[in-house]
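**Student:** just need the structure, nothing else, for what follows:
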Amino acid sequence: MKLKASDYELERATDGGYYAWWTSNTHLNAYGESPEEAVANLQETIDEMIAEMYMVEEYV
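**Tutor:** Okay, here's the model as predicted:
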């Protein structure tokens, strides 16, 4: 799944970094030193979550 700008929100952290929050599930977020890194980390986190969901589905 490729993230679009409407799929996430960015928030600046007090330490100067950024948090990217997935709008479909606000419990899913990622941190980065730049907005681009935060979004890339969020994309990776979402991809891992989806892969784990399919892995569990195979064993159910």
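
**Student:** give me the pLDDT for the residue nearest the centre of the chain.
**Tutor:** Against the mean C-alpha coordinate of the chain, by CA atoms, centre = their mean, the closest residue is Leu42 at 2.3 Å. If you check Leu42, the pLDDT there is 97.

**Student:** got it, and the one 4 residues further on?
**Tutor:** We have a pLDDT of 94 for Ile46.

**Student:** hmm, it is touching Thr23, no?
**Tutor:** No: applying CB atoms under 8 Å, one finds Ile46 not in contact with Thr23, separated by 11.5 Å. C-betas here are computed from N, CA, C, even on glycine.

**Student:** what about Gly32, distance to Ser24?
**Tutor:** Distance from Gly32 to Ser24, counting by CB to CB, to the nearest Å: 19 Å.

**Student:** mind checking which of these two has more residues around it?
**Tutor:** Neighbour count, other CB atoms under 10 Å: between Gly32 and Ser24, Gly32 has more, with 18 against 9.

**Student:** quickly list what Trp21 is bridged to.
**Tutor:** Taking DSSP bridges, one obtains Glu9, Asn29 as the residues bridged to Trp21.

**Student:** begin at 14 from now on, thanks
**Tutor:** All set: I'll call the first residue 14, so the last point we hit is now Trp34.

**Student:** I'd assumed Glu22 was in contact with it.
**Tutor:** Yes: counting by CB under 8 Å, Trp34 touches Glu22, with 4.8 Å between them.

**Student:** give me the more crowded residue out of those two.
**Tutor:** Taking neighbours as other CB under 10 Å, Trp34 and Glu22 compare with Trp34 leading, 18 against 13.

**Student:** give me every residue that touches the more buried one.
**Tutor:** Going by CB atoms under 8 Å, 6 or more residues apart in numbering, Trp34 touches Tyr21, Glu22, Leu23, Glu24, Leu41, Asn42, Leu55.

**Student:** okay, the third one: pLDDT?
**Tutor:** According to the per-residue confidence, Leu23 scores 97 in pLDDT.

**Student:** where's it relative to Trp35, distance?
**Tutor:** 11 Å.

**Student:** so which of the two has more stuff around it?
**Tutor:** It is Trp35, of Leu23 and Trp35, that has more neighbours when counted by other CB under 10 Å, with 19 against 14.
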